[in-house]
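Participant: No sequence on hand, only this structure:
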């Protein structure tokens, strides 16, 4: 499952080049593309924003602290 900050809340500063912003403003799709290029065959994009759902997800951008979070990807 791909869960990340959604296009509704994703923001970058002026230090990020415009072509990067235009291409990767949707982190859900950017993550899906990277997984597909790596050979992952079944990818489910949750379509849930980690920033908008504090009861379900930790978000560094929302909390403004380092918190703790772990993710794992495996191939059977």
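Facilitator: Everything's here; your move. Because the structure is predicted, anything quoted here is derived from the model rather than measured. Numbering: from 1, shown residues only.

Participant: gap between the residue lying closest to residue 4 once chain neighbours are set aside and residue 76?
Facilitator: Take residue 4 and drop its neighbours on the chain: the residue closest to it by Cβ to Cβ, 6 or more residues apart in numbering is residue 27, 4.5 Å away. The way it works is simple: take the backbone N, C-alpha and C, and place the C-beta from them, glycine included. Here the distance between residue 27 and residue 76 works out to 26 Å (Cβ to Cβ, to the nearest Å).

Participant: the longest strand in this protein is where?
Facilitator: The residue-count maximum for a strand in the chain (DSSP state E) belongs to strand 45-49.

Participant: roughly how far out does it sit from the chain middle?
Facilitator: Between the centre of strand 45-49 and the centre of its host chain there is 9 Å, according to Cα atoms, centre = their mean, to the nearest Å.

Participant: Okay, buried residues for it please.
Facilitator: Neighbour-count burial for strand 45-49, with 16 or more other Cβ atoms under 10 Å as criterion, is recorded at residue 49.
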